[in-house]
Structures are given as structure tokens and as C-alpha cells.
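In: below are the sequence and a predicted model for it; my questions follow.
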Amino acid sequence: MEKLLKVGQIVNTQGIRGEVRVYPLTDYKERFEELEWVYMDANTKEKFFIERVRYKNNLVILKLKGIDDINVAEKYKNKYITISRENARKLPEDTYFITDLVGLKVYSEENELIGIMKNVIQSAGNDIYEVVSDKDPKKTILIPAVGEFIKEVNLDKGMIIVKIIEGLIE
């Protein structure tokens, strides 16, 4: 099955006419204006057509066809809004979808397995790669996702090569 891309999460309802508040999981929240329809979570059997998009602070307010009152909208709270890869935006060079990075093996420049990519933490400054240690699966290693540390991302080989500095893995 195709990996769907999460573009937002419904965090609450907006008003009584079925609108939902969406926390965008994309760097470009205006992205929702370019979409005709979305899925909810991994359910690809039902398309939700977008009727209207507006913004409130850092949230996207969506009106989806068929969700016409607060009671129906309430059922979708905490659901992820997903899209198929064919509806994804083309990314700039050296930029990746989080879903493509999760699960990759992370190696040092000396070809030593460090661990497996678990998640990407998005922060104000820069993203941080969360890696589960190969030596101790209970340990998480945080690696800043900047050129100084990330030397290569190879999706075809399923690996990331990072520069290890003193104190990074301890």
C-alpha cells in the first residue's frame, strides 16, 4: 500500500457549521488551497472534498463537503489529514518527506550503524532527527538535521550518513 503523506491534523471544530481547525504538518500551509480533496488517516476509500480554506493564527480552517454541523465535525477531531503522493508538492533538492525518512538506517561516516530513524522533530530553528540507538534500543539519539551533521541521505539504499562529534551519541 502507498504511504500517505500527513499534511495536517484536525485539532478541533470551528463554529457550528462543520468547519474544522487543522494544525498544518507542512511548511507551506497555503498548500490546502491547492488540494481538491484529502483523506482522513489511512482510509483511502473515502475522499473528503475541500469546499473552503481560511486561516486563523497558525491554524488552517477547513470546510469539507459532507461535514455540515459541529456534531459531525467532532467525530474527526484528532484525525490526520492525508494525501496521496501524486498530490504532493515537488520538494526542493535535499528536502524529504518525513514518511520517507522514518525507518532508514543511520550510519556514521566510518560506516558504523548508529540506529534507525524513528521520527523527525520539527522545531523553530531546524528539524531534529530522532534515532533509536542500535546499541541500546531504549536510548534515543537526537541529531540536528543540518548540513554540518547530515552528510548524505540515500532513499534508494535506505540509509543516512551522519557526522558524529563528541557528545552527540553519549
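Out: Nice, I can see it.
In: quick one: low-confidence parts of the chain?
Out: Residues of the chain that meet the criterion pLDDT under 70 lie in 1-2, 167-168, 170.
In: domain assignment for it?
Out: What automatic domain parsing lists as the domains of the chain is 5-87, 98-162.
In: redo these as a markdown table? Include mean neighbour count.
Out: Every C-beta, even on glycine, is put in place using the N, C-alpha and C of the backbone. Formatted as a markdown table, these follow (neighbours: other C-beta atoms under 10 Å):
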| stretch | mean neighbour count |
| --- | --- |
| domain 5-87 | 16 |
| domain 98-162 | 15 |
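In: closest one to Ile169 among these?
Out: Between Ile169 and the domains of the chain, the tightest spacing by C-beta to C-beta is seen for domain 98-162, at 5.6 Å.
In: thinking again about what came up before, JSON lines for the domains of the chain, including distance to Ile169?
Out: Converted to JSON lines, those look like this (distance: least, C-beta to C-beta, whole Å):
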{"stretch": "domain 5-87", "distance to Ile169": "28"}
{"stretch": "domain 98-162", "distance to Ile169": "6"}
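In: alpha carbons of stretch 66-76, as PDB, please.
Out: Extracted as PDB, the C-alpha positions of stretch 66-76 are listed here (Å, rounded to 0.1, in the frame of the first residue of the first chain):
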ATOM      1  CA  GLY A  66     -20.500  16.400   3.800                       C
ATOM      2  CA  ILE A  67     -19.400  17.700   7.200                       C
ATOM      3  CA  ASP A  68     -22.100  20.300   7.800                       C
ATOM      4  CA  ASP A  69     -22.500  20.600  11.500                       C
ATOM      5  CA  ILE A  70     -20.500  20.600  14.700                       C
ATOM      6  CA  ASN A  71     -21.700  17.100  15.700                       C
ATOM      7  CA  VAL A  72     -20.300  15.500  12.600                       C
ATOM      8  CA  ALA A  73     -17.100  17.600  12.700                       C
ATOM      9  CA  GLU A  74     -16.500  16.500  16.300                       C
ATOM     10  CA  LYS A  75     -16.100  12.900  15.100                       C
ATOM     11  CA  TYR A  76     -13.000  13.800  13.100                       C
END
